[in-house]
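Asker: Turn this into a structure:
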Amino acid sequence: MSWERKITKYSGVNLSTDNELSLSLRKKILKLTEQYFSLVHYKKEFVPNETFISASGKYLTKEDLTNLVDSSLDLWLTSGKFTEKFEKKLSQKFGSRFSSATVSGSSANLLAFTSLTSDYFEKNKINDGDEVITVAAGFPTTVAPIIHNRCVPVYLDIELETANIDTSLLKKALTKKTKAIMIAHTLGNPFNVEVIKKFCDDHNLFLIEDCCDAFGSKFDNKTVGSYGIFSSLSFYPAHHITTGEGGAVLYNDLKLKRIVESFRDWGRDCWCSTGMNNTCGKRYSWKLGDLPKGYDHKFVFSHVGYNMKMTDMQGALGLSQLDKVDYFIQKRKDNFKNLRQKFLDEGLDKYFILPEKYEKSDPSWYGFLITIKNPNKLNRTDMIKFLNDRRILSRLLFAGNLTRQPGYMNKKHKIVGNLKNTDKIMKDGFWIGVWPGLDEEHLNFMVDSVKEFINKSS
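Answerer: Here you go, the predicted model:
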């Protein structure tokens with residue numbers, strides 16, 4: 001059943017639809033929107049030392065703007081037909097049964113982890129004080145949901161070349177309290193899924209994949225995001241596709257859909273889509289909790305939830321971005337490959353640890369990580385400033401080492417072994433861009449600038 005038909009049948013909303021005149025006006029508006037995009041948002045000529053080379057950024061076309069305008073003309077401001085189509089198309093792309101759109105990748109992580117605390121999991125649910133294996137090197141909101149749910153992050157060190165979890169430490173991290181592993185595919189580079197998945201299966205642990213930086217990455221010819229019970233995506237402008245702000249949770253079980261979308265939608269027990277009522281036909285027949293029989297099911301709350309729904313305009317932008325995502329992924333791969341080869345051709349691997357992948361990995365790279373080998377010869381801060389003066393922007397590996405961050409250092413946690421490599425990247429690592437807005441001339445200028453800094457520092 002189409003979204004429009006469902007709204008007509010189940011909602012208490014008078015849906016506005018186009019007549020012949022308004023449809024004609026809509027077409028004119030969208031045509032003018034295309035013209036506006038071509039006049040204002042065209043790709044500018046690259047001028048060395050003047051044009052900014054971002055570490056990452058949004059890649060938008062006229063179709064994106066027309067989708068945004070088209071959805072805004074409907075004045076359906078919450079989740080609607082565009083969001084519904086986006087969720088279905090996203091699921092198909094990842095080979096998952098379901099996806100739930102939300103307001104950010106961080107929110108997707110929070111929804112994924114918090115869902116595992118639901119009573120629906122009965123004796124297997126995650127409880128206060130349970131331990132979750134993760135890493136301290138990365139973005140903080142991979143770990144934040146563990147702490148928000150009063151669990152204990154157990155930090156393992158990473159490998160310098162992949163910047164992913166050191167799987168040799170997994171057995172040492174395992175205790176009777178271990179319930180899950182929650183880690184990201186660092187900068188789009190898949191962690192060793194084969195080892196991690198087997199470890200989780202062998203010890204009955206939940207696996208939550210943070211794929212916010214890894215849209216389209218594969219391991220053993222299978223898309224990452226399809227191995228864990230949940231996976232998360234981010235659609236912030238810096239990511240592979242954008243909805244402005246936005247994210248999604250992916251999973252394969254209808255029961256999980258009930259849980260995730262309950263936490264997302266205020267904690268309510270009702271599973272009706274936004275704007276719809278009584279799709280179950282029993283809205284006033286339920287007897288739940290200590291509420292009186294027949295209490296309106298739309299106002300029964302089975303979880304302590306949030307409000308994290310995506311708007312329809314975001315869904316519309318996501319739809320048109322998905323049409324281009326294969327190009328985005330390939331462009332990132334090509335830029336990474338070319339940039340890495342240029343570093344090797346110029347002998348720059350003498351000065352830097354360059355990123356490596358596992359044999360079975362096919363990364364959809366988010367960025368190009370550079371780690372200075374000898375900080376006595378090259379200083380990271382000086383190098384970043386030097387590149388920035390040439391309009392080449394860079395980013396650190398996010399939080400570096402979370403156990404040293406002011407908001408995290410005093411939160412209860414465990415460290416298995418040491419975090420030597422985590423500290424190394426925290427002190428000497430940073431990354432530059434490979435996103436689709438960059439071409440050969442950008443990459444050449446980036447490499448030339450790195451060489452210039454090395455010569456200046458010698």
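
Asker: Helices of the stretch 301-450 of the chain, start to end?
Answerer: Under the criterion DSSP state H, counting those that start in this stretch, the stretch 301-450 of the chain contains helices at 312-322, 325-345, 380-389, 420-428, 440-457.

Asker: Between those helices, which one is closest to C270.
Answerer: Relative to C270, the nearest member of the helices of the stretch 301-450 of the chain by CB to CB is helix 312-322, separated by 19.8 Å. Quick note: C-beta positions are derived from backbone N, CA and C, even for glycine.

Asker: okay, the angle between the closest one and helix 325-345?
Answerer: Relative orientation of helix 312-322 and helix 325-345, computed by axes from the mean of the first three to the mean of the last three CA atoms, to 10 degrees: 60 degrees.

Asker: Which other helices and strands does helix 312-322 contact?
Answerer: The criterion is 3 or more CB pairs under 8 Å, 6 or more residues apart in numbering; DSSP states H and E, and the helices and strands that helix 312-322 contacts are helix 62-74, helix 81-94, strand 98-102.

Asker: how distant is it from the center of its chain?
Answerer: Taking CA atoms, centre = their mean, to the nearest Å, the mean C-alpha location of helix 312-322 is offset from the chain mean by 16 Å.

Asker: residues making contact with that helix?
Answerer: With CB atoms under 8 Å, 6 or more residues apart in numbering as the test, helix 312-322 has contacts from 61, 63-64, 66-68, 70-72, 74, 76-87, 89-90, 93, 101, 235, 241-246.

Asker: how does the chain divide into domains?
Answerer: If the domains of the chain are taken from automatic domain parsing, they occupy 74-322, 325-457, with pieces of a single domain joined by a plus sign.

Asker: so of those, which one's packed in deepest?
Answerer: For those, ranked by mean neighbour count under the definition mean count of other CB atoms under 10 Å, the leader is domain 74-322 at a mean of 20.

Asker: What average pLDDT does that one get?
Answerer: Confidence for domain 74-322, expressed as mean pLDDT, is 96.

Asker: excluding its backbone neighbours, what's nearest S285?
Answerer: Once its chain neighbours are removed from consideration, S285 has its nearest residue in G294; the separation is 6.3 Å (CB to CB, 6 or more residues apart in numbering).

Asker: what about that neighbour, which SS state?
Answerer: Assigned state for G294: coil (three-state reduction, DSSP: H, G, I helix; E, B strand; the rest coil).

Asker: so it sits right up against L288, yeah?
Answerer: No: using CB atoms under 8 Å, G294 makes no contact with L288, being 10.5 Å away.

Asker: okay but K342 is in contact with V447, surely?
Answerer: Yes: look at K342 against V447 with CB under 8 Å: they come within range, at 4.6 Å.

Asker: just to revisit the earlier point, turn the domains of the chain into a markdown table, including distance to Y42.
Answerer: A markdown table is the format used below for these (distance: least, CB to CB, whole Å):
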| stretch | distance to Y42 |
| --- | --- |
| domain 74-322 | 18 |
| domain 325-457 | 13 |
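
Asker: what's the closest of those to L25?
Answerer: Each of the domains of the chain was scored for nearness to L25 using CB to CB, and the closest is domain 74-322 (13.4 Å).

Asker: Wait, a helix at C212?
Answerer: No: according to three-state DSSP, the state of C212 is coil, so it is not within a helix.

Asker: quick one: it from R332, how far?
Answerer: In this structure, C212 lies at 15 Å from R332, with CB to CB, to the nearest Å as the measure.

Asker: Next: N252.
Answerer: Taking CB to CB as the measure, N252 and R332 are separated by 27 Å.

Asker: likewise S104?
Answerer: Distance of S104 to R332, given as CB to CB: 21 Å.

Asker: Strands along the protein, start to end?
Answerer: Ranges of strands in the chain, per DSSP state E, are 98-102, 131-135, 152-156, 178-184, 206-210, 218-219, 222-223, 230-234, 247-251, 352-353, 361-362, 368-372, 414-415, 429-432.

Asker: which residues are contacting the fourth one?
Answerer: Counting contacts by CB under 8 Å, 6+ apart, the residues outside strand 178-184 that touch it are 109, 113, 116, 126-127, 130-135, 138-139, 142-143, 145-146, 151, 154, 164-165, 191, 196, 199-200, 203, 205-214.

Asker: Show me what it pairs with in its sheet, parallel or antiparallel.
Answerer: Strand pairing for strand 178-184, determined by DSSP bridges: strand 131-135 (parallel), strand 206-210 (parallel).

Asker: Quick one: closest of the ones you listed to S16.
Answerer: When the strands paired with strand 178-184 are ranked by proximity to S16, the top entry is strand 206-210, at 39.5 Å, counting by CB to CB.

Asker: distance between that closest one and the chain's centre?
Answerer: Centroid displacement of strand 206-210 relative to its chain, using CA atoms, centre = their mean, is 13 Å.

Asker: between it and strand 247-251, how big is the angle?
Answerer: With the same axes, to 10 degrees defining the directions, strand 206-210 sits at 150 degrees from strand 247-251.

Asker: quick one: strand 206-210 to strand 230-234, angle?
Answerer: Between the axis of strand 206-210 and that of strand 230-234 there is an angle of 10 degrees, by the same axes, to 10 degrees.

Asker: Can I get strand 206-210 as PDB, trimmed to CA atoms?
Answerer: Output of strand 206-210 as PDB, limited to C-alpha atoms (Å, rounded to 0.1, in the frame of the first residue of the first chain):
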ATOM      1  CA  PHE A 206      26.300  -9.100  20.700                       C
ATOM      2  CA  LEU A 207      28.200  -7.300  17.900                       C
ATOM      3  CA  ILE A 208      27.300  -3.700  17.100                       C
ATOM      4  CA  GLU A 209      29.100  -2.300  14.000                       C
ATOM      5  CA  ASP A 210      29.600   1.400  13.800                       C
END
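
Asker: How about residues contacting it?
Answerer: Judged by CB under 8 Å, 6+ apart, the contacts made with strand 206-210 from elsewhere in the structure are 105, 109, 112-113, 116, 126, 139, 142, 179-185, 196-197, 200, 224-225, 227-232.

Asker: sorry, back to before: same list, the helices of the stretch 301-450 of the chain, but as a markdown table with distance to K44 please.
Answerer: As requested, the helices of the stretch 301-450 of the chain are arranged in a markdown table below (distance: least, CB to CB, whole Å):
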| stretch | distance to K44 |
| --- | --- |
| helix 312-322 | 21 |
| helix 325-345 | 18 |
| helix 380-389 | 19 |
| helix 420-428 | 33 |
| helix 440-457 | 12 |
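
Asker: among those helices, which is nearest G400?
Answerer: When the helices of the stretch 301-450 of the chain are ranked by distance to G400, counting by CB to CB, first place goes to helix 420-428 at 3.3 Å.

Asker: from the chain's centre, how far out does that closest one sit?
Answerer: With CA atoms, centre = their mean as the basis, the distance from the averaged C-alpha position of helix 420-428 to the chain average is 23 Å.
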